[in-house]
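>>> predicted coordinates and the sequence they were generated for:
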Amino acid sequence: MKRVGNAGTILMYNLSGPEFSKLRQIFAMLRLRMRVVEPDRYHIALSDLAAGRGEGGEMSEALPEAMLVFCGLNNALLNQVLEVIRLAKLPPIPLKAVLTASNQEWDTHQLYEELKKEREAIAAQKAEKD
């Protein structure tokens, strides 16, 4: 199954080390555009980051964890990407999100805080069940 053109964009945070070179190869093979988001661009809306818009500003503190934001991928491709990442046995990427109408105007800090809350809620639910 050969893809023509760009299949979507991935915003990448803290994934620049050599341990993630396989991840970049996977994204390139799937014809996904990769945008590494540096701390000086954390104030820009996610939709603008995905489109490659927005100027760098004041340097922000880097996120303490790796994070991926999937932009413009259909469900089948998103599932394929997640499965390939799982099979590649990469270092864990604890925070993943999909760009939606609800979060497209958020900046990186808003998304990060929301993902942390979600993770904590899931951990609390899991603890209740155990």
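Okay, I see it.
>>> could you find the closest non-adjacent residue to A62?
P39 (4.8 Å; C-beta to C-beta, 6 or more residues apart in numbering). Bear in mind the C-beta positions are built from the backbone N, C-alpha and C, glycine included.
>>> may I ask you to confirm that the one you found is in contact with E58?
No. Using C-beta atoms under 8 Å, P39 is not in contact with E58; the gap is 9.2 Å.
>>> for the residue nearest the centre of the chain, helix, strand, or coil?
For the chain, L68 is the residue whose C-alpha lies nearest the centre (C-alpha atoms, centre = their mean; 1.4 Å). With DSSP: H, G, I helix; E, B strand; the rest coil as the basis, L68 sits in strand.
>>> mind pulling up the pLDDT for it?
Note for L68: predicted pLDDT of 96.
>>> that one: what's it in contact with?
By C-beta atoms under 8 Å, 6 or more residues apart in numbering, the contact list for L68 reads 10-13, 15, 93, 95-97.
>>> which pair in those spans the largest distance?
L15 and A97 (14.0 Å; C-beta to C-beta).
>>> the longest helix seen in the chain: which residues count as buried?
Assignment by DSSP state H gives helix 108-129 as the longest helix of the chain. Buried residues in helix 108-129, counting neighbours by 16 or more other C-beta atoms under 10 Å, are found at 108, 111-112, 115.
>>> contacts for that helix next, please.
13, 37, 41-44, 46, 49, 60, 63, 67, 69, 94-95, 97, 103, 106.
>>> list the contacts for the residue nearest to A62?
P39 touches 59-63, counting by C-beta under 8 Å, 6+ apart.
>>> what subset of those is buried?
Applying 16+ other C-beta under 10 Å to the contacts of P39 flags L63 as buried.
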